[in-house]
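[1] sequence first, predicted model second:
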Amino acid sequence: MSNVTIHKAKTDLSKLIARVEKGEEIVISRGNQPVAKLVPIAGKRPVSEALGMWKDVIVPEAFFEPLSEEELCLWEGPVEPSS
């Protein structure tokens, strides 16, 4: 658990939140007196763990091939002729 001053927390809030998202807990102090704690939300996986769940997924080559005209119409609707 890290300890930072209020001034440091105000200056580096985005960086501190990124650390908390990775599972770290951070205590914020006024001088030497701890006054608050940044902790991850209970039940939420750290960002690195959530991204790692896709590491063994294999994407077939067909995924990268262009869609047929029929498939494009299903996604985008029929193409109106331009005037």
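    Yep, that arrived. Residues are numbered from 1 along each chain as shown.
[2] now the strands for this structure?
    2-5, 26-30, 33-38 (DSSP state E).
[3] quick one: contacts of the shortest one?
    Read it as strand 2-5. Residues from elsewhere that reach strand 2-5 (CB atoms under 8 Å, 6 or more residues apart in numbering): D12, L16, R19, E24, E25, I26, V27, I28, S29, R30, G31, P34. C-beta coordinates here come from the backbone N, C-alpha and C atoms, glycine included.
[4] narrow those to those that are buried.
    By neighbour count, with 16 or more other CB atoms under 10 Å, those hold L16, I26, I28 as buried.
[5] which of the residues you listed lies closest to F63?
    Nearest to F63 out of the buried ones among the contacts of strand 2-5 is L16 (CB to CB; 38.0 Å).
[6] looking at the protein, which helix or strand does the model trust least?
    Lowest on mean pLDDT, DSSP states H and E among the helices and strands of the chain sits helix 47-52, with a mean of 63.
[7] any low-confidence regions in this protein?
    For the chain, applying pLDDT under 70 flags the ranges 43-54, 78-79, 81-83.
[8] one more pass at 80, please.
    42-57, 77-83 (pLDDT under 80).
[9] what's the nearest residue to A9 if we skip its chain neighbours?
    Spatially, and ignoring its direct neighbours in sequence, A9 is nearest to I28 (4.8 Å; CB to CB, 6 or more residues apart in numbering).
[10] my guess is that neighbour contacts K10, does it?
    No. If you go by CB atoms under 8 Å, I28 and K10 don't touch, sitting 9.4 Å apart.
[11] tell me how far the spatially closest residue to L67 that is not a sequence neighbour lies from E69.
    Of all residues beyond its chain neighbours, the one nearest L67 is W75 (7.2 Å), with distances taken as CB to CB, 6+ apart. Separation of W75 from E69 (CB to CB, to the nearest Å) stands at 11 Å.
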